[in-house]
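J.: pasting the sequence and the predicted coordinates here, then a few questions.
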Amino acid sequence: MIILLEALCQSFEFREDPSFWKDHNVQVIIRIRPLSSSEMSLQGYSRCVRQDSCHTITWTGHPESRFTFDLVADENVSQEMLFKVAGVQMVENCMGGYNSCMFAYGQTGSGKTHTMLGDIEGGTRRHSVNCGMTPRVFEYLFSRIQKEKEARREEKIKFTCKCSFLEIYNEQILDLLDTSSINLQVREDTKKGVYVENLTEVEVTSARDVIQQLVQGSANRKVAATNMNRASSRSHSVFTCIIESKWESQGVTHHRFARLNLVDLAGSERQKSSGAEGERLKEATNINKSLSTLGLVIMNLVNMSNGKSLHVPYRDSKLTFLLQDSLGGNAKTIIIANISPSSCCSLETLSTLKFAQRAKFIKNHAIVNEDASGDVLAMRIQIQQLKKEVSRLQSLVNGGDENHENDALTVSFPGSPGSFKWEGLHGSFSPFTSDKRTSQKKEYEAALVGAFRREKDKDIALQALAAENQAAVQLAKQREDEIQGLKMRLRFREAGIKRLEAVASGKISAETHLLKEKEDHLKEIEVLRAQVDRNQEVTKFAMENLRLKEDIRRLKSFCEEGERERMNEQIMILQNKLLEALDWKLMHESDPLIIQKRSSDMAMDIHGDGNLILSGQESASPWRTSVNEENEFLRMQAIQNQSEMDSLRKKLNFCLEEKDKLEGHVNDLVTELEVERSSKAIKEEPQKLQIELPSITTDHMPNIALNDQIELKTMVDAIATASQREAEAHETAIILSKENDELRMKLKVLIEDNNKLIELYERAVAENNDKNSDAAQNSQEENAQNHNNDLTVFAEELEMRTEVENLEHQLMEMHEENEKLLGLYEKAMQERDEFKRMLSSGGQNSTEIREFNCPEKFVEVDGGESLHLEKSPPSGEAKLLEEMVFSESFVQSGMEVLQLDKPSIYGEAKELEESGFTRMNVQNGSSQQSENPGWSGFRWASYLCGKANFSRLSSFGTKCAEWSGK
Ligand SMILES: Nc1ncnc2c1ncn2[C@@H]1O[C@H](COP(=O)(O)OP(=O)(O)OP(=O)(O)O)[C@@H](O)[C@H]1O
């Protein structure tokens with residue numbers, strides 16, 4: 001970690017290029033402050049920037065962005081070092097007559113005040129290493145002034161420094177040196193430029209004076225504690241010093257001045273992070289507003305330098321209005337963009353870097369602010385002398401003769417450090433000493449440099465003017481084209497009007513007019529199109545417009561049509577895939593640590609299962625191959641088994657369905673059979689009654705026989721159908737049973753296969769264990785994989801085994817069901833046979849029934865399952881029976897009974913016959929164990945009815961069923 005930090009905090013050479021200010025008027029420096037303790041507690045040492053050189057810095061967020069600046073100062077750059085690089089040259093510029101400005105920009109807490117003021121309580125830098133830029137600048141300025149005064153004593157050079165200190169708080173200008181004056185106004189004047197009306201200006205003569213003002217003003221500044229900074233400046237502060245110098249030379253008075261602005265901006269802040277509320281929130285809003293105007297001004301300045309003439313909204317905020325000279329005007333400006341390197345300020349840092357990058361493109365036009373005034377005559381002489389000097393120098397350059405007459409000339413350059421005399425080449429006529437001559441030569445050179453520099457500046461200004469001119473010419477041409485177009489359209493209109501007049505006076509027809517009109521319109525369109533095409537700006541804007549519209553549409557659809565969600569989902573999917581790929585890679589890369597961990601995890605898992613105990617050791621490669629093969633074989637077997645099981649499951653389902661159908665079928669058959677039986681019994685009853693009661697039935701004999709024949713035929717048909725259905729059911733049952741057998745066989749095979757698999761698997765495991773004990777440690781990856789495979793196969797087999805068991809169980813159940821069904825079926829068959837037999841022995845029955853006419857006995861029917869009547873038959877019903885069949889009521893209780901165990905109709909009838917009972921009684925029985933008392937009751941009632949009048953007593957049977965609760 002420490003090494004990493006050292007690498008990250010690697011220091012780069014931090015020194016200024018002395019020639020910088022010759023070509024540039026705006027310098028941008030990035031200053032990275034050290035991580036604060038709160039940042040470290042939040043994000044540790046995590047950083048959002050990386051310094052690549054003394055000019056480049058990379059923001060390491062997504063996407064990574066690289067920025068290039070004039071200088072990048074890391075956290076190791078001290079206050080003094082920063083001053084030497086940026087401050088010293090700025091003071092020199094001021095001494096040379098250039099307006100200078102230094103801004104500190106950055107988010108709240110990024111170190112702006114530390115940079116600009118630093119520790120000023122202790123006085124000058126001699127007292128504190130943390131003393132900031134401003135005190136150092138003034139200390140150096142006054143030392144330079146002192147030196148200059150000494151060097152140019154002859155010229156009687158004089159310096160005056162006036163300071164003012166203001167703050168812009170909530171868009172109001174406050175005088176920090178006089179708290180009584182508030183809401184000062186910014187004014188603009190052709191002579192003075194931009195200035196603040198009624199602002200206190202204090203003359204200072206030493207660094208100490210300045211520091212005094214600084215301390216006083218800083219104490220008046222609005223500072224408050226926020227989440228981001230314990231002492232956050234809630235305003236922009238501007239410390240201004242106007243440095244003026246005057247000197248005389250050759251009767252000419254020179255006046256030079258420079259304005260030095262030192263600006264500590266309030267920090268941009270996100271309301272969320274700063275936790276601003278109430279007054280703080282209002283401050284923050286104003287701060288952010290003026291900073292965004294500053295950003296806008298800079299953006300428009302950049303656009304301007306790219307040839308786009310746009311309005312620069314200086315007046316939109318007090319700050320930009322006041323500092324307009326420093327932004328795109330007559331000044332040399334340094335912007336120090338302060339940033340925090342911590343990841344928790346990543347977005348703010350990026351925003352500062354972007355602001356600084358934009359600011360780098362500002363183009364200032366700094367010129368020396370100097371005036372020369374004095375005796376007009378003296379100046380004329382000076383000009384003449386200069387002219388002569390220039391021509392003499394030219395001839396010298398050309399190798400011509402020198403005119404020594406004019407050798408002794410006094411030369412003075414406006415704006416030069418002073419006037420000097422030219423002594424000619426040898427200086428023989430000069431009254432100056434040779435020492436003086438050397439120093440004058442130096443002055444002469446310096447003056448020449450100044451002259452050239454000014455000339456160059458003028459050239460640049462000229463070039464800018466030429467470019468502007470060209471743009472103006474282009475614009476004029478464009479306008480001319482437009483006017484031409486308009487003229488043409490006017491001509492078309494005039495022609496149109498004339499034609500209309502002609503139409504009105506009947507000279508030409510309306511059709512001709514319309515045709516002409518159409519032609520004119522087409523031409524007009526052509527002209528307009530040409531105009532539009534010629535106007536590149538319009539085309540460009542149109543294109544841009546289209547592009548922007550497309551962007552907006554895309555963004556809208558992105559948000560509205562859930563594109564964003566979809567993309568997020570896709571990203572998630574991709575991320576998961578990536579993770580999977582990484583996992584796979586990790587698994588397959590021979591990282592011994594990871595593999596060891598994985599294999600030990602695996603071993604633990606297997607232990608946990610309680611099925612396998614495998615150590616995390618590797619096995620030899622041939623053995624591995626064979627185990628792999630076995631595993632593969634097992635896997636294939638498992639797949640095969642799985643598919644067989646699937647097909648078995650399908651068959652089982654089919655069987656179950658068939659079984660259900662069969663059950664339904666059998667039930668139908670049983671019902672039909674019962675119905676047939678009961679109807680048969682009812683039919684037989686009259687025959688019997690005929691025998692028992694000849695007097696009653698003889699009259700109806702021919703009718704009954706005919707009816708019987710018809711009913712018998714119907715019954716025979718019904719029985720034939722029933723037999724057919726039974727045969728079908730039988731067949732289905734046989735098929736099912738065959739299928740069952742097949743299934744059973746397959747299951748057996750499967751179980752055998754399974755057992756084989758388990759055997760194989762156990763053998764593999766045993767071998768594995770054996771091999772593991774000998775294996776070396778470096779192939780644990782393979783082992784882990786095999787274990788994994790084994791475990792998977794084992795799990796699959798376990799699952800299979802459970803499934804097979806389930807299947808077996810199901811089969812067993814099915815088997816049982818089938819068995820039951822078969823039983824039922826057999827029973828049904830038996831009953832059918834009985835029924836058939838009963839039918840075939842119809843005549844014999846009448847004889848037997850006749851035997852029933854024995855002494856009266858009562859039988860409790862529904863043997864073993866006694867008929868339980870919940871309601872007694874209503875007396876009316878009993879009466880009916882009496883009237884119809886018997887001479888006395890047979891619906892009684894408490895009589896002697898005959899218990900029958902599980903009687904069948906046939907059996908019961910037989911027993912009845914054997915016992916010689918002539919009558920049976922449906923009794924309100926005591927037994928309640930009947931499974932189907934209603935049914936039994938009905939059966940017995942039917943039996944009785946069969947022996948009485950069928951048509952009338954059948955209703956009694958139904959009633960019996962009702963009474964029995966069905
Ligand atoms: N380069 C640096 N070296 C050491 N400490 C620094 C540096 N820069 C800033 N600091 C410290 O960070 C803290 C915040 O700095 P400062 O008050 O200068 O921030 P600011 O940008 O002026 O904030 P605001 O905009 O809220 O006024 C101070 O305690 C300061 O001492």
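T.: That came through fine.

J.: switch to C-alpha atoms for all contacts and neighbour counts from now on
T.: Noted.

J.: could you grab the helix/strand/coil label for residue 353?
T.: Assigned by DSSP: H, G, I helix; E, B strand; the rest coil, the conformation of residue 353 is helix.

J.: wait, doesn't it sit right on residue 67?
T.: Yes - in this structure, residue 353 is within contact of residue 67 by Cα atoms under 8 Å, at 7.4 Å.

J.: spit out the residues that contact the two alike.
T.: Counting by Cα atoms under 8 Å, 6 or more residues apart in numbering, residue 353 and residue 67 have no contacts in common.

J.: compare those two and say which is more crowded by neighbours.
T.: For residue 353 and residue 67, the more surrounded residue by other Cα atoms under 10 Å is residue 353, and the numbers stand at 25 against 16.

J.: what sits against the more buried one?
T.: 30, 67, 337.

J.: you'd agree the last one is in a helix?
T.: When you say that, I think you mean residue 337. No - Residue 337: not assigned to a helix; according to three-state DSSP it is strand.

J.: returning to what we had before: from the contacts of residue 353, pick the one nearest residue 752.
T.: Using Cα to Cα, residue 67 comes nearest to residue 752 of these, at 74.3 Å.

J.: note down every partner strand of the helix or strand hosting that closest one and its orientation.
T.: Using DSSP states H and E, residue 67 falls within strand 65-68. Its sheet considered, strand 65-68 pairs with strand 56-59 (antiparallel) by DSSP bridges.

J.: can you tell me the SS state at the nearest residue to residue 167 once chain neighbours are set aside?
T.: Once flanking residues are discounted, residue 167 sits nearest to residue 237: 4.2 Å by Cα to Cα, 6 or more residues apart in numbering. Going by three-state DSSP, the secondary structure assigned to residue 237 is strand.

J.: go on, residue 293?
T.: Under three-state DSSP, the three-state class of residue 293 is helix.

J.: could you count how many residues lie near it?
T.: By other Cα under 10 Å, 21 other residues sit near residue 293.

J.: in this structure residue 91 contacts residue 143, no?
T.: No - contact criterion Cα under 8 Å: residue 91 and residue 143 do not qualify, at 10.5 Å.

J.: among those two, which residue is more densely surrounded?
T.: The residue with more neighbours, out of residue 91 and residue 143, is residue 91; 21 against 14, by other Cα under 10 Å.

J.: which ones are touching the more buried one?
T.: 137, 140-141.

J.: ok, which residues in this protein are in contact with the ligand?
T.: 33-34, 75, 108-114, 229, 231-233, 266-267 (Cα under 6 Å from any ligand atom).

J.: show me the strands in the stretch 351-500 of the chain, by range?
T.: Secondary structure of the stretch 351-500 of the chain (DSSP state E, counting those that start in this stretch): strands located at 370-374, 409-412, 419-422.

J.: returning to what we had before: now, the contacts of residue 91 that are in helices?
T.: Members of the contacts of residue 91 lying in helices (criterion: DSSP state H): 137, 140-141.

J.: okay, the residue nearest to residue 26 when sequence neighbours are not counted: pLDDT?
T.: Nearest residue to residue 26, sequence neighbours excluded (Cα to Cα, 6+ apart): residue 333, at 4.8 Å. As predicted, residue 333 sits at a pLDDT of 93.

J.: which strands or helices does the strand or helix carrying residue 333 pack on?
T.: Using DSSP H and E, residue 333 sits in strand 332-339. Packing partners of strand 332-339 (3 or more Cα pairs under 8 Å, 6 or more residues apart in numbering; DSSP states H and E): strand 26-32, strand 100-106, helix 346-359.

J.: fine by me, thanks again.
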